[in-house]
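Asks: Need coordinates for the below:
(chains A, B, C and D)
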Number of protein chains: 2
Amino acid sequence: MESAFAIVAEPNRRAILRLLLSSERSVGEIERELRLSQPSVSKHLKVLREAGFVGSRVEAQRRLYRLRPEPLRELDAWFAPFRRFWEQHVDALAHHLDRMDHAPSRKRKERP
Amino acid sequence: MESAFAIVAEPNRRAILRLLLSSERSVGEIERELRLSQPSVSKHLKVLREAGFVGSRVEAQRRLYRLRPEPLRELDAWFAPFRRFWEQHVDALAHHLDRMDHAPSRKRKERP
DNA sequence: TCGTAATATGCCTTGACAGGAATATGTATA
DNA sequence: TATACATATTCCTGTCAAGGCATATTACGA
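Replies: Predicted structure coming up:
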């Protein structure tokens, strides 16, 4: 499982990440909330852990998993150039619609 | 190949998308710039096309492929909540470093 | 119309990975 | 220590997708 992209390509792993967004959880909690088998959850967590997406701490017999930001940031960084690309497209679309309305645009881009 | 995530999980497809970011290209151009076999390029383009990542137009015997914004936007939207998450973490890190800066400390590792 | 360039498709093999069941490891409580 | 709970790991199997090679399709030029 080389790339971070391959890791978030798996739907159940994405679901786990979304869960952990709100708060840390134990394996059993993830298992119940996502209705997955326990081995499946453990395996996905292993993949996520080894790729740095999650970290864990031990509390009694449980292991509490929490989100870690770095790999997701890396993924997001890949999107940055594309974001610029489609923002142009949004602008072009907005202009087009404006012209079809032949009304002056009210909504303008914010200027910092 | 259901999800948009699975589609960008493939390295060569990501390379193709990056290429198309600068300008539209023919299959042959992609083939040469990425040093892929022609069937491989055609197959990847088919996947990308069917998922809406690229569009094509015909020019003489060539097909020029160009980027389409929608699916990438959708992917990016998935990241939005996580972006908020790690932005908090960046802030926390910044604060932490600030405090280390202002606190009297004898030995300190150099910090970029 | 024939030949040629550009691209698409089909078939096959191979490898990777997710899921299930059973089991192992580890940890707390009686 | 024995037992029950929580999590991890192993083995097996089915599926699916990528790549190579050959071939089909399409469009152009002479």
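Asks: Settle this for me: A:Glu70 is touching A:Val54, isn't it.
Replies: No - no contact is recorded between A:Glu70 and A:Val54 when judged using CB atoms under 8 Å, the distance being 11.0 Å. C-beta here means a position set from N, CA and C on the backbone, and glycine is covered the same way.
Asks: Compare the two (neighbour count), which wins?
Replies: Using other CB atoms under 10 Å in any protein chain shown as the criterion, A:Glu70 and A:Val54 rank with A:Val54 on top: 22 against 13.
Asks: how much space between that one and A:Ser26?
Replies: According to CB to CB, to the nearest Å, A:Val54 stands 12 Å off from A:Ser26.
Asks: Next: A:Gly52.
Replies: Relative to A:Ser26, and taking CB to CB, A:Gly52 is found at 20 Å.
Asks: Could you tell me which residues touch both of A:Val54 and A:Ser26?
Replies: For the pair A:Val54 and A:Ser26, residues contacting each of them under the criterion CB atoms under 8 Å, 6 or more residues apart in numbering or on different chains are A:Tyr65.
Asks: ranges for the strands of chain A?
Replies: Assigned strands in chain A, in chain order: A:25-26, A:54-59, A:62-67 (criterion: DSSP state E).
Asks: is DNA strand D contacted by the first one?
Replies: In other words, strand A:25-26. Yes - looking at strand A:25-26 against DNA strand D by CB under 7 Å from any atom of the strand, the contacts come from A:Ser26.
Asks: Check which strands are paired with that strand and give the direction for each one.
Replies: Applying DSSP bridges, strand A:25-26 is found paired with strand A:62-67 (antiparallel).
Asks: what does the second one give?
Replies: Partners of strand A:54-59 in the sheet, by DSSP bridges, are strand A:62-67 (antiparallel).
Asks: What count of nearby residues applies to A:Ala51?
Replies: The local packing count at A:Ala51 equals 19, with neighbours defined by other CB under 10 Å.
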